[in-house]
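Chemist: take this sequence and fold it.
(one chain, ligands or ions: 1)
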Amino acid sequence: MNKPKVLISRRWPASVEAKLQQLYDVTLNHDDQPLSADQFRLALQNYDAVCPSVCDSLPADVLNVANKRCQILGNFGVGFNHIDIKAAQANKLIVTNTPGVLTESTADIAMTLLLMSARRGAEGDRLVRAGQWQGWCPTHMMSSDVTGTTLGLIGFGRIAQAMARKAHHGFGMKILYFKPTPADPAVVADLQAEACSSIEDVLSRSDFVSLHCPGGQATRHLINAERLSLMKTSAHLINTARGDVVDSQALIHALRNQQITGAGLDVYEGEPNIDPGFLDLENVSLLPHLGSATIKTRTAMGDKVLANLEAFFSGKPLPDRVV
Ligand code: DGY
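Modeler: The predicted model follows:
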């Protein structure tokens, strides 16, 4: 019997690519160049499974292509706001994702950004590299404390809770959160966390605000100029969720005018194109979407896609079906 034809849109960890080669008639992307919309249309017509990643855009006008062979989109990533889910459903395309395995590494990056922003880590690194450090002095690069301060979480899913554990048990931080539905009482008790009745409440009471909601139309510019104006002037905003949750122009304005003290960003509106307004600000720490970028996590993400493909092609229930 012929093996199913599978297309992988970008380079994946070598051990996962090797397994794919054993199991499928697979096309890998050796050059690691992003595929164009037309290449995706062609892939949907010629492969049984197409495996995009969070950097690929799959809008309706790609998914609606005629004469499709593809039945499943095995997404490498937990977020799926880059796939038009309604169009996937209308085209009878199954979509799977990779939840659970990137929780700790993404929470680690959120803590990294929190610490970098609080303690001016990126700015200090730039200063040393530029040969501008003139030695220790009592008032040099004073910054914000982390230990014992308040962390506010907008969204309280797996990654937010993992960050809260690190912050509360490691740094003695008080945890506030906003979640539209009730949180697990055991988790809340372990973290001695306090539920806030609104996003506004989290923003006005926190020293650090970290965003953990999904991307997409419903959360686009959730953090806008008005909401930024509610934050303490000493506060920092951390975004490891999705870029379009924050209105970049409003954040640049708030940072430039010291309306808030700092920000740490791993994700951007329209990434990888970053609003140039961020680049000349000292009080923003910028990472290139590294949340899940550890060898262990990326391998586990690839293995999750494999598990979903294997279940699909052997007619078993899919472990991580989105639609
Ligand atoms: C995801 O999987 O959605 C992450 O953003 C990738 O790090």
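
Chemist: contacts only, for residue 133.
Modeler: Residue 133 sits next to residue 127 when contact means Cβ atoms under 8 Å, 6 or more residues apart in numbering. The way it works is simple: take the backbone N, C-alpha and C, and place the C-beta from them, glycine included.

Chemist: any idea how far residue 285 is from it?
Modeler: Residue 133 sits 18 Å away from residue 285, going by Cβ to Cβ, to the nearest Å.

Chemist: what's the answer for residue 66, then?
Modeler: As for residue 66, its distance to residue 285 is 46 Å (criterion: Cβ to Cβ).

Chemist: in stretch 1-18, which residues are buried?
Modeler: Buried residues in stretch 1-18, counted by 16 or more other Cβ atoms under 10 Å: 4, 5, 6, 7, 8, 9, 10, 12, 13, 16, 17.

Chemist: around the ligand, which positions in the protein sit nearby?
Modeler: Contact residues, the chain versus the ligand (Cβ under 6 Å from any ligand atom): 54, 77, 78, 79, 102, 291, 292.

Chemist: ok, 8 Å please
Modeler: Listed as neighbours of the ligand in the chain under the rule Cβ under 8 Å from any ligand atom: 54, 76-80, 97-98, 102, 106, 240, 242, 267, 289-293, 301.

Chemist: mark which of those are buried, thanks.
Modeler: Members of the residues of the chain next to the ligand classed as buried by 16+ other Cβ under 10 Å are 54, 76-80, 97-98, 102, 106, 240, 242, 267, 289-292, 301.

Chemist: still on that earlier bit, among the residues of the chain next to the ligand, name the ones in strands.
Modeler: Counting by DSSP state E, none of the members of the residues of the chain next to the ligand fall within strands.

Chemist: just say helix, strand or coil for residue 50.
Modeler: The local conformation at residue 50, judged by DSSP: H, G, I helix; E, B strand; the rest coil, is strand.

Chemist: and the gap between it and residue 96?
Modeler: 12 Å.

Chemist: likewise residue 9?
Modeler: 14 Å.

Chemist: what does residue 73 give?
Modeler: For residue 73 relative to residue 96 (Cβ to Cβ), the value is 7 Å.
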